[in-house]
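# Structure of the sequence below:
(one chain, ligands or ions: 1)
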Amino acid sequence: MLEACQDLLRKANETAVKNVLLGKGGPFGAILALCDEGSNAYECIGEPGANAVLETGVATTHAEDRVLQPHYIEVLKNVLIRWLDDGLAPRLVLVSSGQSCPACHAKAEIVARHLTEGRLFKGQEELFGSVQEILGKNMIVLYGTSYQETARVAGFNDLPYVADLMRFAAEPDGPSMVAYETRDLYDIPKAVTDIFRDAPRKVSILVRGGEVLAVGEDQRTDIDLFSTSEVTAIRTACIKQKQAGLEAPWLLGDPNTRNPDKERKAILYTGSDIGPLMRAELQWSAVNGLVHVTGLPYELPKTCLREIPSMTNDAFLRAMARGYNHDKSRLSVLQSTRTYNKNPFFVWTLKQENMPAVTYNGAACDDALQGYMEKAAFVFRGEALDENSAKADRRSGPTTFYLDPSPT
Ligand SMILES: [Zn+2]
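Presented below is the predicted three-dimensional model:
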């Protein structure tokens, strides 16, 4: 199976290079696949995905996000049924050319949990019992280049976002890229109070400089796993900006997060507490503040407030902040350390007129964040796939991968 994974990574790298050469976006490619545990057989789910930020105008339409969209989840379920009919032992694998940012990491966890905690249906008929009994293991996430390598070669730096997530989990009242506060329904702008009061399902409202930019409703289905009200509000606002012809439609607030301009400052008001997906989406879109609104005159359904049905948002956030490969994660994260994995990033650098500066979407990186960056570099490190293949082989055995059956 390791060879199949390497092969998939080569394809993801090719997709990333093509994306750069076509000028469609950054040097990032991803593939979702089923791999047979006992052989090198594999099947890709749909086409490989590539970073589509320039095309969509939405900051988090990264390669991994593209291959976890509803169409792919539907195809995946059908392919999985076919594999099980054929008596194969499928492992679900997500391969990406670069290490996933926290938004994509959260999405991978959501998909892994959705599948392993769910049940497979063909029409009305339930097949094979619980998927956990069959798939019974974590989703494998394999990446080619680390945060530090992509920063060094091509100027992309996701480490501050990860560090900010860790810091927020440890010190929710401390400084962070997205300032956070809790407020009562009647202690927020009146226009926002009115929307909350009159529309129980519209639970996320994005405001910039006093103007309501977008209102988000939970639009998730059993194949659309990410369209929470917050994601919907962000996406709607970005698409509006793109249609209006803005140069960087993916930026909703003031990228100067340390001292945002009053008129450009964007705030998301939500009836929910904070989950990691929401937080990461806000970081990427340069939304400056997050207000958890309490005292709503109705109770919001639990399903609409949680990013993962079986887990509170807070537990999910803390699980993500612990990094990779622990018992609260449904992912087994590996890195392939082959030199050619850096190729897409070299191609990106060669296409630029100057060596790209190391940036991270304008988010402020204060001194306190530096300490978390060091910690993050340590806990967000995939197990080596090729440096010590015996070790990697052991990790893919059923015992190591067995899931904690009690949802947190
Ligand atoms: Zn991402």
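# what's the nearest residue to the residue positioned nearest the centre of the chain if we skip its chain neighbours?
Central residue of the chain (Cα atoms, centre = their mean): Cys104, 1.9 Å from the mean position. Closest residue to Cys104 apart from its sequence neighbours, by Cβ to Cβ, 6 or more residues apart in numbering: Glu64 at 3.9 Å. For every residue, glycine as well, the C-beta is placed using N, CA and C.
# same thing with Asn138?
That would be Ser332: by Cβ to Cβ, 6+ apart, it lies 4.4 Å from Asn138.
# in the stretch 251-400 of the chain, which spans are helices?
276-284, 302-305, 313-321, 343-351, 367-379, 389-395, 398-401 (DSSP state H, counting those that start in this stretch).
# Please identify the deepest-packed of those.
Sort those by mean neighbour count, taking mean count of other Cβ atoms under 10 Å, and helix 276-284 sits at the top with a mean of 28.
# how about that helix, does it reach the ion?
No - Helix 276-284 lies out of reach of the ion by Cβ under 5 Å from the ion, never closer than 7.7 Å.
# and that helix, what does it pack onto?
Contact here means 3 or more Cβ pairs under 8 Å, 6 or more residues apart in numbering; DSSP states H and E; on that basis helix 276-284 packs against helix 102-117, helix 159-170, helix 229-243, strand 289-294, helix 313-321.
# Of all the ones you listed, which one comes closest to the ion?
helix 102-117 (3.3 Å; Cβ to the ion).
# So which bits of the stretch 101-250 of the chain are right by the ion?
101, 103-104.
# quick revisit: right, and the helices of the stretch 251-400 of the chain - which one's nearest Ala16?
Closest of the helices of the stretch 251-400 of the chain to Ala16 is helix 343-351, at 3.6 Å (criterion: Cβ to Cβ).
# which other residues reach the closest one?
With contacts defined as Cβ atoms under 8 Å, 6 or more residues apart in numbering, helix 343-351 is touched by 13, 16-17, 20-21, 26-29, 97-98, 145, 149-150, 153-156, 355-356.
# repeat that for 10 Å
Contact partners of helix 343-351, identified using Cβ atoms under 10 Å, 6 or more residues apart in numbering, comprise 10, 12-21, 23, 26-29, 50, 97-98, 144-145, 149-156, 340, 342, 355-356.
# Name all residues that make contact with Leu21.
27, 344, 347-348, 351.
# my guess is His71 meets Asn78, correct?
No - judged on Cβ atoms under 10 Å, His71 makes no contact with Asn78 at a distance of 11.1 Å.
# Which neighbours do those two have in common?
Ile45.
# returning to what we had before: and the contacts of Leu21, which two are the farthest apart?
Pro344 and Lys351 (10.9 Å).
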